[in-house]
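J.: Mind looking at a prediction? Sequence and model below.
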Amino acid sequence: MDETGEGVVKHILLAKFKDGLSEDQIQSLIAGYAALVDLVPSMKAFRWGRDVSIENLNQGFTHVFESTFESAQGIAEYLAHPHHVEYGNLLLPQLDKVIVVDYKPTKFQQ
């Protein structure tokens, strides 16, 4: 990230849900994540999907969640927001594996 923290930042979460969770339980957790975009002002967009790669390099991760923020400060506000904290306390115990990466999308220029 640049020193000012300005500009769009993507928050990526890779997840593997615990064995034994039903599809309904997983869908409910995803719906809770999606609801944060209406509850946390700094969260501007949310997308998710399942791994569909045929490369078999997913290391067990099955789901990808992408949130968009206008700045690094927006992510800091999101992380401290009570609705995010509450949701994280529901989600994290249901995951076998998780990786989180924040990045600033950058166009390649030669």
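T.: Noted; the coordinates are in hand.

J.: make it CA atoms for all contacts and neighbour counts henceforth
T.: Will do.

J.: Okay, now the sheet partners of the lengthiest strand in the chain, with direction.
T.: Secondary structure assigned by DSSP state E gives strand 6-17 as the longest strand of the chain. Sheet pairing of strand 6-17 (DSSP bridges) gives strand 63-71 (antiparallel), strand 95-103 (antiparallel).

J.: Give me whichever of those strands is most buried.
T.: strand 63-71 (a mean of 20; mean count of other Cα atoms under 10 Å).

J.: mean confidence for that strand?
T.: For strand 63-71, mean pLDDT rounds to 97.

J.: what's around residue 15, how many residues?
T.: By other Cα atoms under 10 Å, the residues close to residue 15 number 22.

J.: Spatially nearest residue to it, not counting backbone neighbours?
T.: residue 98 (4.6 Å; Cα to Cα, 6 or more residues apart in numbering).

J.: Equivalent analysis for residue 10, please.
T.: residue 68 (4.8 Å).

J.: And that neighbour, how close does it get to residue 37?
T.: 9 Å (Cα to Cα, to the nearest Å).

J.: Give the residues shared as contacts by these two.
T.: Common contacts of residue 68 and residue 37, defined by Cα atoms under 8 Å, 6 or more residues apart in numbering, comprise 43, 44, 45, 46.
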